[in-house]
Structures are given as C-alpha cells and as structure tokens.
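In: model this:
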Amino acid sequence: MNNRLVALLFLILFFTRCDNTDKPGKIPTSGTETIDNSLYGTGPYYAIGFNFASAEKVSSLSTPKPDLILELGGTLDIFILQTGTGLNGFFLEGEYASAASASQAFNNLTAFSVSDWAEWANPVKPNQVWIYRSADEHYAKIRIISTSSQDLDPRDYAECSFEWVYQPDGSLTFPGK
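Out: Down below sits the predicted model:
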C-alpha cells in the first residue's frame with residue numbers, strides 16, 4: 001500500500017512540475033487584449049491602458065505607465081492609440097483587406113526597420129499592423145483585431161482589441177509563427 005501511495009505522489013508531483021502555464025515570475029511576451037477609453041476616479045482622473053513589459057492593464061497614474069491608451073479622435077469612428085512617454089513610438093507597418101491577410105502579415109513580421117516614428121497610432125482600424133517603440137527602446141508588434149464605439153453621455157465609449165508580441169530584449173526582431 002505504501003509503495004502505491006509513494007508512486008501516486010511521485011506521479012502527481014511530476015506532472016504538476018511539468019506544467020509551465022503557471023510559472024511564477026514568467027511574464028508573457030504575447031497575447032490578445034482589449035482596452036477602452038473609460039475614465040476612473042474623482043480627480044485626478046485616470047485611464048486603464050496596456051503595458052507590454054508587465055503584460056497587463058495598468059492605470060495611467062501608475063509606474064510604469066501604460067504603453068497604450070485608447071482615445072477617440074473627435075468622432076465615433078476615429079480611434080487613436082497614444083502613450084504618455086513623450087516619445088514618437090508608432091509606425092504603421094500595413095493595412096490589410098481581411099483579418100486573415102492581417103494575421104498572416106503579423107505572423108510573418110519577424111524583422112523591421114523604421115526611420116520615421118509617429119507620436120500616436122492614428123487612425124486605428126481593424127486589420128492594421130503597427131510597430132510600437134517604448135521609451136527604453138523595446139518593441140512590440142500590434143495587430144488590430146476590432147474597434148467599436150458608442151455614443152454615450154457624458155463621454156463617448158470606445159474599445160479596441162488587439163493581438164501583440166513584445167520583444168523584451170530590445171532587438172529589432174520578433175519570433176516567427
């Protein structure tokens with residue numbers, strides 16, 4: 001009986017140690033996320049954006065600040081991604097006719113060279129692929145999956161879903177799929 005119990009415990013420990021999905025300290029370098037333009041607080045107001053290095057949504061009042069914050073550009077159909085770093089950090093790699101062609105271009109984008117960075121991503125539309133440069137010269141590629149907006153009072157609502165891959169080593173290459 002004791003031998004069976006020891007063998008069962010060994011198998012349980014072996015299989016739980018082989019599971020890499022919950023490794024503490026390992027921050028994802030890719031994923032899919034949705035952010036919106038909601039404001040929170042009573043003063044100072046803050047937004048929730050996305051930070052690539054921590055791979056999570058963070059407050060615009062936090063340190064580190066979000067890399068991406070979503071805004072509407074005056075109308076319900078103009079979406080803007082901006083950052084609070086003060087650095088021109090966006091480059092539109094391409095716009096594609098379909099989700100499939102945008103996904104293929106995103107997956108095939110493994111190296112890039114950019115000479116002219118923009119202050120923000122504007123206008124942001126589905127089936128675009130953007131390259132983002134952080135203030136500390138790390139890079140992410142972003143595929144816009146969807147955008148939506150609603151006319152609400154007192155503030156119009158917008159949201160944007162995107163796929164992302166972050167390059168934490170600061171090189172100009174991304175892993176291919």
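
In: excluding its backbone neighbours, what's nearest Y96?
Out: A102 (3.9 Å; Cβ to Cβ, 6 or more residues apart in numbering). In short, each C-beta sits where N, CA and C put it, glycine included.

In: Could you say which helix or strand holds the one you found?
Out: Secondary structure from DSSP states H and E places A102 in helix 99-108.

In: Mind checking the pLDDT average for the next helix or strand after that helix?
Out: For helix 99-108, the succeeding helix or strand toward the C-terminus, using DSSP H and E, is strand 121-124. Averaging pLDDT along strand 121-124 yields 95.

In: And strand 121-124, what's buried?
Out: Under the neighbour-count criterion of 16 or more other Cβ atoms under 10 Å, strand 121-124 has A121, V124 buried.

In: Pull up the pairing partners for that strand, direction included.
Out: strand 79-82 (antiparallel) (DSSP bridges).

In: Show residues contacting the strand it pairs with.
Out: For strand 79-82, contacts defined as Cβ atoms under 8 Å, 6 or more residues apart in numbering pick out 68-73, 90, 119-125, 130, 142, 147, 149, 158, 160.

In: what's the offset of the helix or strand following it from the middle of its chain?
Out: Downstream of strand 79-82, the next assigned helix or strand under DSSP H and E is strand 90-95. The chain centre lies 15 Å from the centre of strand 90-95; the measure is Cα atoms, centre = their mean, to the nearest Å.

In: and strand 90-95 with helix 99-108, angle?
Out: 130 degrees (axes from the mean of the first three to the mean of the last three Cα atoms, to 10 degrees).

In: Give the buried residues for strand 90-95.
Out: For strand 90-95, by 16+ other Cβ under 10 Å, it's F90, F91, L92, E93.

In: Just list the residues touching the residue nearest to E159 when sequence neighbours are not counted, thanks.
Out: Once flanking residues are discounted, E159 sits nearest to D36: 4.1 Å by Cβ to Cβ, 6+ apart. By Cβ under 8 Å, 6+ apart, the contact set of D36 is I48, L70, Y157, A158, E159, C160.

In: Alright, that wraps it up for me.
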